[in-house]
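[1] A predicted structure for the sequence below; I have some questions about it.
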Amino acid sequence: MKYLLFVVLIGCSTYSNLLAQDGESPRFSRDYSYTKEKQPDPATPPPPPTEEQPTTLPNSPPASTTPAADSKTPSGKPQKPAPNDSKNAATQIDTAFYYTYTTDRRYNVIQEVDGEKFYPSHYQSGGDEKMEVPAGKIALTVQKGFLKIDGIEGLTPGMFSIISKTEQKVGFVYELMDKKNQPARFKIVIDQTDKYVVLLYFYSKILGEYTFYLAEKTDEQHSIDASYFTPKSMYFVRSYGNLVDKELHPYTMVKDITMTDKPSPIKQADNITIRCTDTSISLPEGSFDIKEANSYAYNLEGFPSVRSMIEIKTKGKTKIGIFLNFKQQIEFIQIGNTRYFLKP
């Protein structure tokens with residue numbers, strides 16, 4: 001009996017040690033909450049406590065208020081918060097000129113095109129030669145009720161009401177009407193295998209025929225993207241502890257979800273980086289000292305794959321949400337009205 005009791009105690013001890021590990025074996029970690037305070041300098045008395053104002057992430061439904069089981073705080077020495085070298089990143093995205101690449105996004109249904117803006121690299125008028133255009137000079141904006149084409153002199157003002165839209169074998173087809181009640185047609189040709197945009201085609205008996213081509217990425221560009229942008233499958237995340245000492249390069253972003261929910265591509269030149277340490281998290285919006293980070297089961301309207309959320313409370317009033325899918329991968333990171341998505 002003594003020998004049997006000894007074996008049981010050894011087994012329990014080993015099992016407890018496995019559960020206590022965090023970061024090293026995240027697949028077996030039970031760490032669903034994380035709290036890490038900076039240790040004050042012994043020579044400096046800690047500041048007086050201040051009352052926190054509760055805030056919530058905009059446009060998100062209420063989450064479960066019961067966090068999952070606690071476990072040990074992840075190990076690691078406090079580090080100096082990473083410098084914020086992308087303070088003007090949001091401004092850069094608004095003002096920079098760029099092409100839309102064929103592989104920027106897949107379109108499975110026609111509703112996903114609503115709110116999209118395409119910047120072609122080439123266009124063709126009728127049977128004329130295909131012409132290269134400077135980045136950003138021509139823009140095609142598709143909204144729920146209208147199509148707008150900027151940059152083509154023959155189409156000025158380039159505003160057309162959408163009368164109907166259908167999904168066909170070729171892709172997405174829009175029946176249009178201009179301000180003079182003249183009919184027109186617009187097609188977004190979709191590759192049926194990969195669901196990428198092949199080309200955009202406009203036809204009007206009065207205004208003529210125009211074909212727009214999106215830019216193609218070279219093998220070298222694809223290789224550079226793969227080595228720079230962080231894929232969502234890179235990290236298995238159960239708690240914030242699994243992200244300590246990690247650096248993320250998001251692939252797309254929504255600057256303001258109150259204006260649109262369609263992600264825009266991020267360029268490497270935008271230098272948008274999210275850095276996580278055990279005491280802070282840095283985003284283009286700034287570097288924030290972490291008060292606590294708790295994980296919750298979570299359902300989010302419009303994102304059926306989201307199953308949980310890490311809510312990061314900072315020492316200010318800012319809250320940051322890291323939304324995870326059923327594979328424990330990062331679906332997106334939200335601060336205020338801005339969302340950052342990793343590479344799919």
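    Thanks, I have the structure now. Residues are numbered from 1 along each chain as shown.
[2] Look up phi and psi at the closest residue to Asp256 other than its chain neighbours.
    Nearest residue to Asp256 in three dimensions, chain neighbours excluded: Asn337, at 4.8 Å (Cβ to Cβ, 6 or more residues apart in numbering). For every residue, glycine as well, the C-beta is placed using N, CA and C. Main-chain dihedrals, Asn337, degrees, to the nearest 10: phi -100, psi 10.
[3] Is it correct that Asn337 is in contact with Ile257?
    Yes - counting by Cβ atoms under 8 Å, Asn337 touches Ile257, with 5.1 Å between them.
[4] picking up where we left off before, for burial, what's the neighbour tally of the residue nearest to Asp256?
    When counting by other Cβ atoms under 10 Å, one arrives at 14 neighbours for Asn337.
[5] Please apply the same query to Tyr340.
    Neighbours of Tyr340 (other Cβ under 10 Å): 23.
[6] Next, it: secondary structure please.
    Going by DSSP: H, G, I helix; E, B strand; the rest coil, the secondary structure assigned to Tyr340 is strand.
[7] quick one, strands of the stretch 151-300 of the chain?
    159-168, 171-177, 183-190, 197-204, 208-213, 246-248, 252-254, 264-265, 274-276, 280-283, 286-297 (DSSP state E, counting those that start in this stretch).
[8] can you list those strands in JSON lines and add mean pLDDT, distance to Leu342 and mean neighbour count?
    Listed next are the strands of the stretch 151-300 of the chain as JSON lines, based on pLDDT from 0 to 100; distance: least, Cβ to Cβ, whole Å; neighbours: other Cβ atoms under 10 Å:
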{"stretch": "strand 159-168", "mean pLDDT": "96", "distance to Leu342": "29", "mean neighbour count": "14"}
{"stretch": "strand 171-177", "mean pLDDT": "97", "distance to Leu342": "27", "mean neighbour count": "19"}
{"stretch": "strand 183-190", "mean pLDDT": "97", "distance to Leu342": "24", "mean neighbour count": "19"}
{"stretch": "strand 197-204", "mean pLDDT": "96", "distance to Leu342": "22", "mean neighbour count": "20"}
{"stretch": "strand 208-213", "mean pLDDT": "96", "distance to Leu342": "28", "mean neighbour count": "19"}
{"stretch": "strand 246-248", "mean pLDDT": "95", "distance to Leu342": "7", "mean neighbour count": "16"}
{"stretch": "strand 252-254", "mean pLDDT": "90", "distance to Leu342": "9", "mean neighbour count": "20"}
{"stretch": "strand 264-265", "mean pLDDT": "82", "distance to Leu342": "13", "mean neighbour count": "17"}
{"stretch": "strand 274-276", "mean pLDDT": "96", "distance to Leu342": "9", "mean neighbour count": "22"}
{"stretch": "strand 280-283", "mean pLDDT": "96", "distance to Leu342": "14", "mean neighbour count": "23"}
{"stretch": "strand 286-297", "mean pLDDT": "94", "distance to Leu342": "18", "mean neighbour count": "18"}
